Each structure stands twice: as structure tokens, then as C-alpha cells.
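**Q** sequence first, then the predicted structure:
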Protein chains: 2
Amino acid sequence: MQRINRTKLVDVARAAGVSPATVSRAMNEPTLLAEDTLRRVRESARRLGYRPDGAARMLASGRSRAIGAIVPTLDSAIFARALQSMQATLAREAYQLVVASHEMNPAAETEAIRALLARGIDGLMLVGGERASEARELLAASGLPVVLTWCGHPEFRSIAIDNHGAGILAARHLLQLGHRRIGLVVGYQHFNDRQRARTAGVSDALSQAGIVLTPAMISEQPLTLAGGRTGASQLLETAPRPTALIGGVDILAIGCMQEAKARGDVVPREISIVGIDDIEMSAHLQPSLTTVHIPTAAIGEQAAMGLVTYLRDGAWPGQPELPIALVVRQSSGPAPS
Amino acid sequence: MQRINRTKLVDVARAAGVSPATVSRAMNEPTLLAEDTLRRVRESARRLGYRPDGAARMLASGRSRAIGAIVPTLDSAIFARALQSMQATLAREAYQLVVASHEMNPAAETEAIRALLARGIDGLMLVGGERASEARELLAASGLPVVLTWCGHPEFRSIAIDNHGAGILAARHLLQLGHRRIGLVVGYQHFNDRQRARTAGVSDALSQAGIVLTPAMISEQPLTLAGGRTGASQLLETAPRPTALIGGVDILAIGCMQEAKARGDVVPREISIVGIDDIEMSAHLQPSLTTVHIPTAAIGEQAAMGLVTYLRDGAWPGQPELPIALVVRQSSGPAPS
DNA sequence: TTGTAGGCGTTATCAA
DNA sequence: TTGATAACGCCTACAA
């Protein structure tokens, strides 16, 4: 506990010839002070290099100026991007971002929630609406402001996007190009409502066209390039072979494309590929990837702003729509005849 | 300040029929207690659902069980991966990870350091050894344990890797393949000692072969795919044209490869491409990317373990070597004659 | 092995 | 507009 001699509130108070309370007000509610006093206090504070102690402040006020975020993994283009925009937004509002990840393990997520709750955060961002009931109870009991992202849940606020619609857009695009045998490579559906919704969207769109998405046409894989390759290789060996593949996320779709090319198939002439997410890479591939754009950075920013606004005003801001849109590029084409 | 009625230390003490100090010991130094007392206290704590208050704990002890990490950006395959392994490691040790980013702006980094210092962290991970002198003073004055990553600095501990050597490996590989006109697409060198060291490595390797790396053969770009494409397009229009391009990071190299392919050049027959980093994507490209492997996840893990060990034992652990290695894949080949 | 009691640095209530 | 003063919840010498 070699606490460095930091100058503290009382030191500033003494130097400025005022009470500690006044210094505290100068830091938090400057409008309550006489102009002259304020100036004097600020001057002393600056001169002494005073920095309020976060722990003391938090203990006394009950607020930490920290926001938690728990994501499946930091090591993903999607979540990294969302967190980056969250962090930037929070920094602007003088909030700190505390992150945790759970690697798709509900128990680990619950543990992370518990840890962040104990640490003391003012708000929390979570991914998806599905979690252990223990976690939901923990959150409810704590009264902590929570924002879910990507998928919502009736008990909580959310910045959700239309994952089901994204699946529909991807599938309809292929249907319109004449494809009838469409394969789907998705992430493990367990503890992943985003992937389930996207899968359902694809399935529904196909149903409407009178096509049944059989289990044989779905491959569940880890959300990595390697997963995409494995999934594609699996689906491309079924007979009759699909003429198009949809990836539940772009990373999977890119893996599919690489596998197809490695097998000597020409994309999109012999096989079409469509993704969902629109990560940076997708626009730069050759052929570039047709995908459904998800406004990832906006999700992070709005999650952050939602929490900050609620903490400031006591009311949630209106949520602008987060639209998704099909982005047609070069990886999709007419079904081979 | 609607603090929820959380049960606190005294409640547990009362329930267990012991003093608050005993409960505190049960949580922090269980070995000091009689087996029987410990059991009783733990039982009461469990029954009441007791969770120590982080703020109070921190105020009283001066420790926060939080580690800060400030990276250029979260939205990068490299830093995201390092942070993911840091987070996983810290979680295992019951530490929390607080992240901030500075977008390659030294002033923003200093501000982030200031913010984390005020918040109260037990240790800090930073990227590279270069920063505003104000930041260095701030850190020195605080006495906070700091670990630099990728590049070091004499004032601090570091988990550094041989960036200069990585540049050499990349360049020598191309030299051995007969290339003499080698272009380099790197990140902005300002406030980026990693990129400067890699550039110097390439330059030195070429010098040894009697080749001068002229400014015309270097293109500084943002660390994105688009940056790689722009850089490549720039270098490929000089005459005589380079027969090989090195990317200061894989993302740039991949951008170079895409640009080359978009121009109709066959990789590696007409142009060779080499990267540095070895991100997941690189192995899956077509052609797959020759690159210098950097143990990114290990950097994050060791930074975390270094800090944790120091905080626990008061001594820094020995640092295992973090070796780099050339990974020859398909994107590099003999120089065209 | 356990208890007592004095902080840790701010905030916030109440009074002046 | 400012000042006293009591929390905030826990840790840790020191004493027993």
C-alpha cells in the first residue's frame, strides 16, 4: 500500500482557503460556486496537480464512471469494431470501458457479470438476449442499467438489429439469381441467438420459395476462416451439390470462398457466396464479397450513448433505426444451369 | 445513488458471530483463520450472498484488481488478439481489464494514462516505447507497474519482440529469391516505433546486399487494407517497377496482394508479397501469404502474467524469449527475369 | 487466532 | 454561497 503522496481534496481546500466541500463542488457542480471562489479553487488545484481519487469518489457517490462490456471474444473483427467505437464514445464522455469476454460460455458470462458488478460499473453492455437465468437475476437485482446488442430480450433495453431480416436478404438475393440448392455455414447455435435468427431468416425465405432448408444443407462451425472452409468443404461434398453458400458471418463466407477456390471452383460462375456483416475485408477480396451490411460501429456507439444518456438524464434516448442492407458485389451470380 | 441493499461485511460478521476484521481476513488471508471460523464465515457469506464492494476495498487497500491497457486501436486483428489473451489471463487471476485507445495520437495516449491513473489501476500495459515526455513523467511519478509491448524503452519493463529482425527476415527472404527492386508499404512512422524498426530492418538487410532503400520505394499508409492497396498502387507505378513488396503488417501486405491481383499481376510469378505479423487470414488467402510470424497472443499473455506476478510476488518473472520466424507460403517466389 | 478502532478520500445532507 | 460533519464499506496496524 505504498500510496504515493498524491495531493488530495483537503490540500486543495487549505491552499485555496476554503472548505473541502467547496472544492468538491468546484469539481462536480461548478455552477453552485461564486465565480471568484471557483477561480481560486481551480487555481490551487491546478498548481498542486490535484487529481480526484476514483475509489474514494466512487465509494462516496456510488458512481464509478466506468461502463462494462462483455462480449463473446475480443478477437473478432465484429466485436473489436463495436468496442472500439464504444470506447471512443465513452472516452469523450469521460467514462472508462471495462471489458470481459466469455468465449461462448454462459457460465463464464455469468461470472464476468458478477465480477463487473462487484467492481462497480455504472452501466453494462452485453451481446445478445440469451443468458443464464442466474445472470438475469443478478442484473435485475442490481438495478444496473443494461443494454443488449445485436439481439434483444424483453427484460432489457437493446440496440438490436434485424438478424432474421439479414438472413432473408441473403437468401432472397440468391433465390432471385435462380439458386435453389443453397447451403448455410453458420456458427454454433448454442448460446448464440444472432446466428439462430440469421439461420431462421434464411430458412424462412427459402420456405416461401417452396424450398426446405434441410439439416444436411447447414453446417455449424466455429466463427473462423477455418470454420468456413470446413463447412464449405462439407456442404460441397453433398449431392446434389449446392450452387450457393451463405455464411452466417462474413468470416465464414470468406472461408467458404477460399475453400471453393482451393477446390478449383470459380466464384461466382460455379458457386455463389454471400455473407452477413460487411467487414472491411469483404470489399477487398477478389471477387469481392456480396454481403448484408450490419452497422457494427453504430451498434457500439449507440450502446455507449444510450447508457451515458440514461445515466445523465435518467431517460433512455430515442433509438434511431439501425438499418441493414444487402450489398451486392462480385461473389454472387446467376445459378449455373 | 440508489445503492441497492447489498449485504456488507458487518452483516456477514454479525451472522457468523465474529468481528468484521475476521470476515475481511476470511476473504483476503484465509490462512490466518482457524479452520472452523473460516468455515462459519464462508457459510454466512454464501448464505447472505455477500460480495465485497470494489470501491471500498480499493479505497482501504489501495489496490483495485484492475489492469489497464492502452492500445492504438481495438479495431485491429493484432491488438484485439493480444487483448483477448490478456483478458483471459487476467480473468483467471481475478483481475479486470480496463481498455483505452488513442488512435495513434500521443496526446490522447497521455490523456488515457491520466484517466486510468485517476481511476486507480494496479498495473498498465502500453504499446511501444515512444510517448510524450509528460506521459513518462506521469507514470514515473505514479510508481505504477508498467509493461510495454512490442517495443521497449529503458525506463520500463517490456515484452518486446525483434521488429528490426522481422524486417530483416522479410527482406532477406526476397533477396535470396533474387529480388533486387523491393518496395515497402508501412504504417505512418510517426508515433510508431514498431513500424520504424521494421522499416529499418528491411533497409539494413538491403544495404548489406548493396541495395539502397530509397524513399521512392517506401509508401507510408494507414494500417488498413485500403492503405495497402494505395501503397501498392503507388509503388507499382514507379519505374523500374519493384518485383516484390513487403508490408509492414500483414494487413498492408494483404492489401498489396489484392491490388496486384486487381491489376492483373500474378502473385508470386510477376510480383512477390511478404508481410509481417502472421494473422489468421494470411494462411487462408490464395495465394497464402508469406510472412514473419509474431507471437501476438503470447505478447498479451506475458504482459498480463508479468504484471500479475509482479503484483503478487514483488518481482518480475523471467521472460521467455518471444521468437519470430519467417513463414514461407505461396505469395513469394523467384524474381521474374 | 481474533477483536478494536482508526483511517482511506470523497460526497452529500443540513445548517448557517 | 459556503462550511461542518456524517456517511460510504472495507482494510490493517495494534492489542488482546
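**A** Looks like it arrived, so ask away.
**Q** which strands and helices sit next to the lengthiest helix in chain A?
**A** The helix that spans the most residues within chain A, counting by DSSP state H, is helix A:296-313. Counting contacts by 3 or more Cβ pairs under 8 Å, 6 or more residues apart in numbering or on different chains; DSSP states H and E, helix A:296-313 packs against strand A:66-71, helix A:77-92, strand A:123-127, strand A:146-150, strand A:157-160. For the C-beta atoms, the positions are set from N, CA and C on the backbone; glycine is no exception.
**Q** now for residue A:193: which residues touch it?
**A** Applying Cβ atoms under 8 Å, 6 or more residues apart in numbering or on different chains, we find residue A:193 in contact with A:128-130, A:150-151, A:163.
**Q** now for those residues: which two are most distant?
**A** Based on Cβ to Cβ, the longest span within the contacts of residue A:193 runs between A:130 and A:163 and measures 12.4 Å.
**Q** what do these two both touch?
**A** A:151, A:193.
**Q** what about the two, which has more around it?
**A** Taking other Cβ atoms under 10 Å in any protein chain shown, residue A:130 and residue A:163 do not tie; residue A:163 has more neighbours (25 against 19).
**Q** got phi/psi on the closest residue to the more buried one other than its chain neighbours?
**A** Spatial nearest neighbour of residue A:163, excluding adjacent residues (Cβ to Cβ, 6 or more residues apart in numbering or on different chains): residue A:197 at 3.6 Å. Dihedral angles of residue A:197 (phi, psi; degrees, to the nearest 10) stand at phi -60, psi -40.
**Q** is it true that residue A:197 touches residue A:168?
**A** No. Here residue A:197 does not reach residue A:168: they are 10.3 Å apart, not a contact under Cβ atoms under 8 Å.
**Q** buried stuff in the longest helix of chain A?
**A** Buried residues in helix A:296-313, counted by 16 or more other Cβ atoms under 10 Å in any protein chain shown: A:296-311.
**Q** and which of the contacts of residue A:193 is nearest to DNA strand C?
**A** Distance to DNA strand C across those (Cβ to the nearest atom of the strand) is lowest for residue A:129, with 32.5 Å.
**Q** the closest residue to DNA strand D within the stretch 151-300 of chain A: how many residues sit nearby?
**A** The stretch 151-300 of chain A approaches DNA strand D most closely through residue A:156 (24.8 Å), counting by Cβ to the nearest atom of the strand. Counted with other Cβ under 10 Å, residues neighbouring residue A:156 total 17.
**Q** separation between it and residue A:114?
**A** 17 Å (Cβ to Cβ, to the nearest Å).
**Q** likewise for residue A:217?
**A** 40 Å.
**Q** more neighbours: which of the two?
**A** Neighbour totals were compared for residue A:217 and residue A:114, and residue A:217 leads with 21 against 15 (other Cβ under 10 Å).
**Q** the more buried one contacts residue A:238, doesn't it?
**A** Yes. Contact criterion Cβ under 8 Å: residue A:217 and residue A:238 qualify, at 7.4 Å.
**Q** what touches both of the two?
**A** Residues touching both residue A:217 and residue A:238 (Cβ under 8 Å, 6+ apart) are residue A:183.
**Q** and the residue lying closest to residue A:317 once chain neighbours are set aside, what does it touch?
**A** Excluding the flanking residues, the one nearest residue A:317 by Cβ to Cβ, 6+ apart is residue A:309, at 4.5 Å. Each residue near residue A:309 by Cβ under 8 Å, 6+ apart is listed here: A:315-317.
**Q** please apply the same query to residue A:103.
**A** Residues in contact with residue A:103 (Cβ under 8 Å, 6+ apart) are A:72-73, B:88.
**Q** repeat that for residue A:298.
**A** Neighbours of residue A:298 in contact, by Cβ under 8 Å, 6+ apart: A:85, A:322.
**Q** repeat the analysis, applying 6 Å as the threshold.
**A** For residue A:298, the contact set (Cβ atoms under 6 Å, 6 or more residues apart in numbering or on different chains) comprises residue A:322.
**Q** one more: residue A:45?
**A** When contacts are counted by Cβ under 6 Å, 6+ apart, residue A:45 touches residue A:12.
**Q** looking at this, it is in a strand?
**A** No. Read with DSSP: H, G, I helix; E, B strand; the rest coil, residue A:45 is helix and lies in no strand.
**Q** would you mind measuring from it to residue B:298?
**A** Between residue A:45 and residue B:298 the computed distance is 43 Å (Cβ to Cβ).
**Q** how about residue A:331?
**A** Residue A:331 sits 35 Å away from residue B:298, taking Cβ to Cβ as the criterion.
**Q** ok, which stretches of chain A are helices?
**A** Using DSSP H, helices in chain A cover A:9-16, A:20-28, A:35-48, A:54-61, A:77-92, A:106-119, A:133-142, A:163-176, A:193-208, A:225-235, A:250-262, A:280-284, A:296-313.
**Q** shaky segments in the stretch 151-300 of chain A?
**A** Along the stretch 151-300 of chain A, no part satisfies pLDDT under 70.
**Q** what does it put close to chain B?
**A** Counting by Cβ under 6 Å from any Cβ of the partner chain, the stretch 151-300 of chain A comes close to chain B at A:225, A:258, A:261, A:280, A:284, A:286.
**Q** filter the residues you listed down to the buried ones.
**A** By 16+ other Cβ under 10 Å, these give A:225, A:258, A:261, A:284, A:286 as buried.
**Q** distance between the longest helix of chain A and the chain's centre?
**A** Offset of helix A:296-313 from its chain centre (Cα atoms, centre = their mean, to the nearest Å): 12 Å.
**Q** same deal with stretch A:323-337?
**A** Using Cα atoms, centre = their mean, the offset of stretch A:323-337 from its chain centre is 25 Å.
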